[in-house]
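Enquirer: next one to model:
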Amino acid sequence: MASVLLSEAQKTFIAHGIQDGLRTDGRSCEEYRIMELQCDVVSNTSGSARLKLSNTDILVGIKAEMGTPKPERPDEGYLEFFVDCSANAAPEFEGRGGDDLATEISNTIQRIYDNKKAVDLKSLCIMPRETCWVIYIDVVILECGGNLFDAVSVAIKAALHNTRIPNVTVSMDDEGQREIELSDDPHDCYRIDTRNIPCLVTVSKVGNRHIVDATMEEEACCLACLMVAVTPKGTFSGVRKEGSGSLDPESVFEMMESAKKVGVAVNRSLNTLLERLEKEPNKSYTCFLD
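Expert: Purely as a prediction, here's the structure:
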């Protein structure tokens, strides 16, 4: 993961501030930075979104293409995730330096979407065992300013909400062969239901306190964190620990409770923002957690 070099004095200053409940940018321990979101930003995609979380800048483009269902799930479509870390995002990403992080992010997102309650994959099936919609989700990290996993999860959810898939008609020709016809009407489309899609909330442990939405400087002071996938209803659909430090059971419980509280707020604020963007898609809106 991209990192920043800090002296021991700087780390001590940041850590002591967090112990007193005051971070260097003035936020409380459970407060996110302001999000800026814009949808429908890439013209040749089925859906797209761009998210800015302070210095973290994420671009997501989605393409819906017809493919063959997987043998183990013959009556479902599926999602494929690809992440690219731009060399301009951080010096560590030059060459193939960002490949490991990109793979880590895509695998994490793939796991939280590998849940039948997140996306109705059966609705993406056109003809069982023969044809389905494959949703290719491409993520580009344009700039890194901390809390990448959370930002990517929010940007993907917004892009999926913006995605429009043409409705199809399956008919029989004169020879008894099935034919698929795509609707030419841009308004005659299928929308992916994003209401149950979770957002990732990363809770980082610094000293005896924990924080959400850590900056790169705060991440340098963190020895362990929990990445928790939280649905809009406040249920957990995945948990992952990162970092070399240990977490005692009491800390894990407290961090999970914080993730639940913040995750519900993130989903609620994001849904409100997406409703506004639905009415004015070409505008950019900022999001405050309520």
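
Enquirer: check contacts around Val139.
Expert: Ile58, Leu59, Val60, Phe81, Phe82, Val83, Asp84, Ile105, Ser106, Val152, Ala155, Ile156 (C-beta atoms under 8 Å, 6 or more residues apart in numbering). For the C-beta atoms, the positions are set from N, CA and C on the backbone; glycine is no exception.

Enquirer: one more time with 6 Å
Expert: Val60, Val83, Val152 (C-beta atoms under 6 Å, 6 or more residues apart in numbering).

Enquirer: which ones among these lie within strands?
Expert: Among those, the members found in strands (DSSP state E) are Val60, Val83.

Enquirer: Leu200: which of the contacts of Val139 is nearest?
Expert: Checking those against Leu200 by C-beta to C-beta gives Val152 as the nearest, at 7.7 Å.

Enquirer: roughly how far apart are that closest one and Leu101?
Expert: 11 Å (C-beta to C-beta, to the nearest Å).

Enquirer: and Val139, by the same measure?
Expert: 12 Å.

Enquirer: likewise Glu36?
Expert: Distance from Glu36 to Leu101, counting by C-beta to C-beta: 23 Å.

Enquirer: same thing with Ala87?
Expert: Following C-beta to C-beta, the distance that separates Ala87 from Leu101 is 13 Å.

Enquirer: low-confidence stretches in the stretch 1-150 of the chain?
Expert: Within the stretch 1-150 of the chain, the ranges that satisfy pLDDT under 70 run 1-3, 91-92, 94-97.

Enquirer: for the closest residue in space to Thr215 that isn't next to it in sequence, give me phi and psi.
Expert: Excluding its sequence neighbours, the residue lying closest to Thr215 (C-beta to C-beta, 6 or more residues apart in numbering) is Gly146, at 4.2 Å. The phi and psi values for Gly146, taken as degrees, to the nearest 10, are phi 100, psi 160.

Enquirer: mind listing what Gly146 touches?
Expert: Here Gly146 is in contact with Ala214, Thr215, Met216, Glu219 (C-beta under 6 Å, 6+ apart).
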